[in-house]
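> Everything below, folded, please.
(one chain, ligands or ions: 1)
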Amino acid sequence: MAKPTVFVTRRLPGGALDLLAQHTELRVWEEELPPPPQELRSQAAGCHGLLTLLTDRVDTTLLDGAPNLIVVSNMATGFDNIDLPAASERSVLVTRTPGVLSETVADFTFALLLAAARRIPEADRYVRAGRWRTWGPSILLGRDVFGATLGIVGMGGVGAAVAKRARGFGMRIVYHSNSRKPRLERRYGMTFLPLEELLRQSDFVTLHVPLTAETRRLISRRELGLMKESAVLVNTSRGSLVDQTALYEALKLGRIGGAALDVTDPEPIQPEDPLLTLENVVIVPHVASASVATREHMAKLAAENLLTALRGRIPKDTANREVAAAWRAARRQRLASLS
Ligand code: DGY
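You can find the predicted model right below:
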């Protein structure tokens with residue numbers, strides 16, 4: 001029997017592509033930039049499987065033009081780049097890669113938090129600009145992290161891994177999520193708060209919720225107005241969780257103390273974005289999960305999820321497992337041309 005056709009939208013680290021090449025008719029987009037939408041659609045048109053990244057939009061037009069598509073395997077925890085209801089309606093399985101990146105993203109969340117609190121990028125710029133002329137008692141003073149209150153918004157894998165680290169820093173931890181997590185509350189000595197109260201009490205607020213219609217602009221002018229004047233906002237989730245114009249105003253006018261952003265809206269941030277003119281913001285290019293080992297794990301898991309689905313089993317990390325029954329029948333039909 002011929003092998004199913006798979007398109008991967010970028011070269012991947014580690015052995016993921018070798019694995020896919022053994023079992024599929026593999027095509028890979030070799031460029032550094034993502035395939036343009038038209039190219040992605042035309043590649044998807046003849047495919048049984050797509051391995052996508054968070055930069056690739058999978059929408060109704062793509063899905064309607066890909067009658068043989070069985071699975072979209074997204075190499076990310078988030079899947080806001082994929083129209084999930086549209087995929088489900090067309091019995092296309094969508095998988096993702098949670099879990100394998102939680103610790104790495106939590107490390108990076110703390111790196112950003114510390115960088116903003118202790119003004120590390122600013123201090124680095126200061127040295128490189130030749131401004132370091134002496135040790136001074138008031139030069140580049142920052143905020144203490146130990147003993148401060150950390151507000152964690154979202155208590156999934158990354159949120160919990162951030163809480164574990166915060167305990168080591170001697171922080172008071174408060175959190176908000178859709179449901180209470182009594183076991184984690186006991187383990188990390190943390191307190192559940194309504195979002196508004198968390199914003200009022202926290203010295204650092206860090207976001208770990210997925211981007212959905214409900215969480216888009218979760219942090220807007222009103223929410224920023226509830227935060228302490230000294231507070232720092234950390235975002236390693238998705239840029240659209242925050243109203244970026246309101247954030248700029250709050251930072252510029254000193255309504256909050258600082259921000260540390262791994263993600264922006266849009267991505268990449270435009271070079272003329274006013275946020276880039278502010279000293280009290282740290283901005284990096286969506287790299288919280290970017291360790292060698294973690295990116296290899298993510299790529300391997302995405303490849304395995306894709307192969308599992310092509311073989312007719314529902315991967316553990318499926319975002320729309322409720323379509324299983326219809327999907328099984330559709331999969332057989334979509335592979336029929338190969339036999
Ligand atoms: C994800 O997995 O959603 C991350 O944003 C990738 O780093």
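> can we go C-alpha only for contacts and neighbour counts from here?
Fine.
> Would you list the phi and psi of residue 219?
Dihedral angles of residue 219 (phi, psi; degrees, to the nearest 10) stand at phi -110, psi 100.
> What is the burial count for it?
Neighbour count of residue 219, defined by other Cα atoms under 10 Å: 20.
> OK, contacts around it?
Applying Cα atoms under 8 Å, 6 or more residues apart in numbering, we find residue 219 in contact with 241-243.
> Nearest residue to residue 265 in space, ignoring adjacent ones along the chain?
residue 239 (4.7 Å; Cα to Cα, 6 or more residues apart in numbering).
> In contact with the one you found, which residues?
So residue 239 contacts 263-267 (Cα under 8 Å, 6+ apart).
> And the residues you listed, which two are furthest apart?
263 and 266 (8.6 Å; Cα to Cα).
> Next, count neighbours for the closest residue to residue 301 other than its chain neighbours.
With Cα to Cα, 6+ apart as the criterion, residue 301 has its nearest non-adjacent residue at 6.3 Å, and that residue is residue 97. As a burial measure, residue 97 scores 24 neighbours (other Cα under 10 Å).
> out of the contacts of residue 239, who's nearest the ligand?
residue 263 (8.1 Å; Cα to the nearest ligand atom).
> Let me know the pLDDT of that closest one.
pLDDT, residue 263: 98.
> Was I right to think it contacts residue 235?
Yes: in this structure residue 263 lies within contact range of residue 235 using Cα atoms under 8 Å: 6.5 Å.
> and residue 261, how many residues sit next to it?
Neighbour tally, residue 261, other Cα under 10 Å: 24.
> what residues are up against it?
By Cα under 8 Å, 6+ apart, the contact list for residue 261 reads 112, 234-236, 281-284.
> ok, now residue 194?
Going by Cα under 8 Å, 6+ apart, residue 194 touches residue 176.
> Contacts for the host helix or strand of residue 42, please.
Taking DSSP states H and E as the definition, residue 42 sits inside helix 37-44. If you take Cα under 8 Å, 6+ apart as the criterion, helix 37-44 is touched by 7, 9, 50, 56-57, 61-62, 65-66, 69.
> Could you rerun that using 10 Å?
Applying Cα atoms under 10 Å, 6 or more residues apart in numbering, the contact partners of helix 37-44 are 5-9, 27-29, 34-35, 45, 50, 52, 56-59, 61-69, 72.
> what's downstream of that helix, the next helix or strand?
strand 49-52.
> before we move on, back to that, mutual contacts of residue 263 and residue 235, please.
In terms of Cα under 10 Å, 6+ apart, residue 263 and residue 235 are both contacted by the residues 241-242, 283, 286, 288.
> filter the residues you listed by proximity to the ligand?
Taking Cα under 6 Å from any ligand atom as the test, the ligand is in contact with residue 288 out of the shared contacts of residue 263 and residue 235.
> Please spell out which residues along the helix holding residue 42 are buried.
40-41, 43-44 (16 or more other Cα atoms under 10 Å).
> okay, that helix in CSV with CA atoms only?
The C-alpha coordinates for helix 37-44 follow below in CSV (Å, rounded to 0.1, in the frame of the first residue of the first chain):
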residue,chain,number,x,y,z
PRO,A,37,-1.3,31.0,3.2
GLN,A,38,-1.8,30.3,-0.5
GLU,A,39,1.2,27.9,-0.5
LEU,A,40,0.0,26.2,2.7
ARG,A,41,-3.4,25.6,1.1
SER,A,42,-2.0,24.2,-2.1
GLN,A,43,0.3,21.9,-0.1
ALA,A,44,-2.6,20.8,2.1
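> quick one: average confidence on it?
Helix 37-44 carries an average pLDDT of 98.
> What of stretch 272-287?
pLDDT averaged over stretch 272-287 gives 98.
> Quick check: residue 324 touching residue 313?
Yes: using Cα atoms under 10 Å, residue 324 makes contact with residue 313 at a distance of 9.2 Å.
> More neighbours: these two, which one.
Set residue 324 next to residue 313 and count neighbours by other Cα under 10 Å: residue 324 wins out with 18 against 13.
> Find me whatever residue is spatially closest to the more buried one, sequence neighbours aside.
residue 314 (7.3 Å).
> quick one: contacts for the residue in the stretch 101-250 of the chain that the ligand sits nearest to?
Per Cα to the nearest ligand atom, residue 237 is where the stretch 101-250 of the chain lies closest to the ligand, at 5.9 Å. By Cα under 10 Å, 6+ apart, the residues touching residue 237 are 77-78, 105, 109, 158, 206-211, 261-264, 286, 288.
> Just the ones of those in strands?
The strands, defined by DSSP state E, take in 206-207, 261 from the contacts of residue 237.
> ok, those residues vs residue 309, which is closest?
Looking across the ones in strands among the contacts of residue 237 and measuring by Cα to Cα, the closest to residue 309 is residue 207, at 31.5 Å.
> where does whichever residue of the stretch 51-200 of the chain sits closest to the ligand fall, phi/psi-wise?
Closest approach between the stretch 51-200 of the chain and the ligand, counting by Cα to the nearest ligand atom: residue 76, at 3.2 Å. Reported as degrees, to the nearest 10, the phi and psi values for residue 76 are phi -170, psi 160.
> Compute the number of surrounding residues for it.
Residue 76 has 22 nearby residues by other Cα under 10 Å.
> Thank you kindly, that will do.
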